[in-house]
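> predicted model and sequence follow; I will ask about them next.
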Amino acid sequence: MALKLYNTLARGKQEFLPLNPPYVGMYVCGPTVYGHSHLGHARSYITYDVLYRYLSYIGYKVKYVQNITDVGHLAGDRDVGEDKIQKQARLEKTDPVEIAYKYETSYFDDMDRLNVARPSISCRATGHIMEMIEHIKGLLDKQKAYVTKEGNVYFNVRSYKEYGKLSGRTLEEASEGERIEVAKDKINPEDFALWKAAEKEHLMQWPSPWGMGYPGWHIECSVMSNKYLGETLDIHGGGLENSFPHHECEIAQSEALYDKTFVRYFVHHNMLTVDGSKMGKSLGNFIILKDLFKKTDPMVLRFYILQGHYRSPLDFTDEALNASAAGFERLKNSIFSLRKTVTDDFQNSDSISEEDYPDIKRVKEDFLSAMDDDINTPIAISVLYELMKISNVELSSDDKDMNKLALINRLATLFAEEILGLKIGSVRSQSKEDELIELFIEMRNDFRKNKNFAMSDKIRDDLKGIGIILKDGSSGTTYSK
RNA sequence: GGCAACGUCGCCAAGCGGUAAGGCAGAGGUCUGCAAAAUCUCUAUCAGCGGUUCAAUUCCGCUCGUUGCCUCCA
């Protein structure tokens, strides 16, 4: 059994073999920090978080690098539009650097709530201007780029014969789509900017051998991934919409300089739509995570996202989210009941083996082979439900096998929390409130024993009134808040 | 206009050559003082039309529909 990933470069699934096992270098396109994170960010970073967790689980030492784009880029190479960060700074009447820092903090705050592990290295574009300049100089030395009299530096796409190998586009196709006027100083329309000369009023600009300016919009990923992971990355992840031109240009400018394979496995996740159409500020269906979290548990969102495969388009609707919330609630309750029964004595008994329980063994194999198959989380989750079904049956048995339950508990924790990153919570962290509820349950059960159902129902109804649901099982009363 | 992807039960969503996982919702049974929970059982031939094949949801073609990329975007 081995992990297979869909490699965009190969247009198919391939067994994952890192260059220098057990080390894995993984680079994922990070956010441009000019606004609060939205649903699309959640899908993206949850996807790579699970990949990261799974790679770690199967024994790899993963160095996970993610950039923070804090240089506001123009709309492409074409001198139109405005620097996004600068624009936001103008709107908020503050400094671009302050904007970048504010939204970077906001981003990590949202990711923390989604239980997305921090990358090993988070690097900012503005901290690597020197390296970018060096990279560009290298490309100029190799005649892969040229400087124009306006002070712009462009990559000469025709000098790199493999351009298009990721997206499958030819140069002709790439330029046919041009709908916006091409910058006048390019030799060929498909050439892209490595360095742009800055107007005086442009707030973020740096000195360079070609005058004051700022980096082009692809260069940071090539430069920072090289700095922290070397010339060849095992995995590069990002959104499908970035495969062309962003990733295509990254490959070109990296391979042209180093003459080495830039990326072994290019992983792209699909887009998220809202109510059937692309999420966009102008479309009025733009969902900011901070707003969503006011009414939705971040773990429900995480669960919802993982119920779809990362390479399929995912449509976000309230109805579907609610269905996931109900399903996740049931899963959590099952795990709670399990944890309540499995005592501390059994918690850490590693001697119990799934070899003794064929049904559990099969579930474990199914879960791992789902993950091995291009991180198929929807199937992994369905296997988790199977595991909880086995657990529930065992829990309601008169003659519980505590070893089996402990084993199930261990696997449930491994699958749900460690690999899928779904925080379930602990029954052990009892608050005063929980102790009080337990007290009421004891009182009520005394009433029930004495057939005083008027009182026992009153307790149950009153607790329900404040949102606490009691459930009488064969092994005692449980509750959910 | 060019290039892709997708269309599977009421809803969400896997599978992608050998006659359809799972979740939500729904129906019925068991358990229970009742309720809830849990559990058991039940509910689809895969947009349409052709073709390839012993065999197609799974491959090919066409049609219809939806979405995305080609311009910053996760």
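It's in.

> look up how far residue A:245 lies from residue A:12.
For residue A:12, the distance to residue A:245 equals 23 Å [Cβ to Cβ, to the nearest Å]. C-beta here means a position set from N, CA and C on the backbone, and glycine is covered the same way.

> of these two, who's got more company?
residue A:245 (21 against 9; other Cβ atoms under 10 Å).

> mind checking the backbone torsions on the residue nearest to the more buried one when sequence neighbours are not counted?
Leaving aside its chain neighbours, residue A:245 sits nearest to residue A:192 (6.8 Å; criterion: Cβ to Cβ, 6 or more residues apart in numbering). Backbone torsions of residue A:192, given as degrees, to the nearest 10, read phi -120, psi 160.

> surely residue A:192 and residue A:246 touch.
No: contact criterion Cβ atoms under 8 Å: residue A:192 and residue A:246 do not qualify, at 9.6 Å.

> shared neighbours of those two, anything?
residue A:218 (Cβ atoms under 8 Å, 6 or more residues apart in numbering).

> so, low pLDDT: which residues of the stretch 201-350 of chain A?
In the predicted model of the stretch 201-350 of chain A, residues A:282, A:343-350 satisfy pLDDT under 70.

> what does it put close to RNA strand B?
A:217, A:238-242, A:244-246, A:269-273, A:276-280, A:307-309, A:312-315, A:317, A:319-320, A:322-324, A:326-327, A:330, A:333-334 (Cβ under 7 Å from any atom of the strand).

> now the residues you listed: which count as buried?
A:217, A:238-239, A:242, A:244-246, A:269-273, A:279, A:307-309, A:314, A:324, A:327, A:333-334 (16 or more other Cβ atoms under 10 Å).

> which of those residues fall in strands?
Counting by DSSP state E, the part of those found in strands is A:238, A:239, A:269, A:272, A:273, A:314.

> in CSV: the residues you listed, plus distance to residue A:66.
Formatted as CSV, those follow (distance: Cβ to Cβ, whole Å):
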residue, distance to residue A:66
A:238, 10
A:239, 13
A:269, 14
A:272, 19
A:273, 24
A:314, 21
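
> which of those lies closest to RNA strand B?
Nearest to RNA strand B among those: residue A:239, at 2.6 Å, using Cβ to the nearest atom of the strand.

> ok, now which ones touch that closest one?
A:29, A:40, A:44, A:268, A:269, A:271.

> which SSE is residue A:27 in?
Using DSSP states H and E, residue A:27 sits within strand A:23-28.

> tell me where the stretch 351-481 of chain A has strands.
Taking DSSP state E, counting those that start in this stretch as the test, the strands found in the stretch 351-481 of chain A are A:469-473, A:476-480.

> same list (these) but as TSV, adding distance to residue A:97 and mean pLDDT.
Below are the strands of the stretch 351-481 of chain A laid out as TSV (distance: least, Cβ to Cβ, whole Å; pLDDT from 0 to 100):
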stretch	distance to residue A:97	mean pLDDT
strand A:469-473	50	81
strand A:476-480	46	77
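
> which of the ones you listed sits most buried?
strand A:476-480 (a mean of 15; mean count of other Cβ atoms under 10 Å).

> direction included, what does that one pair up with?
strand A:469-473 (antiparallel) (DSSP bridges).

> how far out from the middle of the chain is the partner strand?
36 Å (Cα atoms, centre = their mean, to the nearest Å).

> and for stretch A:139-159?
Mean-position distance between stretch A:139-159 and its chain equals 35 Å (Cα atoms, centre = their mean).

> model confidence over that stretch, on average?
In this model, stretch A:139-159 has an average pLDDT of 92.

> now do stretch A:434-448
Averaging pLDDT along stretch A:434-448 gives 87.

> buried sites along that stretch?
Under the neighbour-count rule (16+ other Cβ under 10 Å), stretch A:434-448 has A:437, A:440, A:441, A:444, A:445, A:447, A:448 buried.

> so what's residue A:136 up against?
Counted by Cβ under 8 Å, 6+ apart, residue A:136 has contacts A:145, A:153, A:194, A:195, A:219.

> can you tell me which of those is nearest residue A:116?
residue A:219 (26.2 Å; Cβ to Cβ).

> and the closest one, what is it in contact with?
A:132, A:135, A:136, A:194, A:195, A:253.
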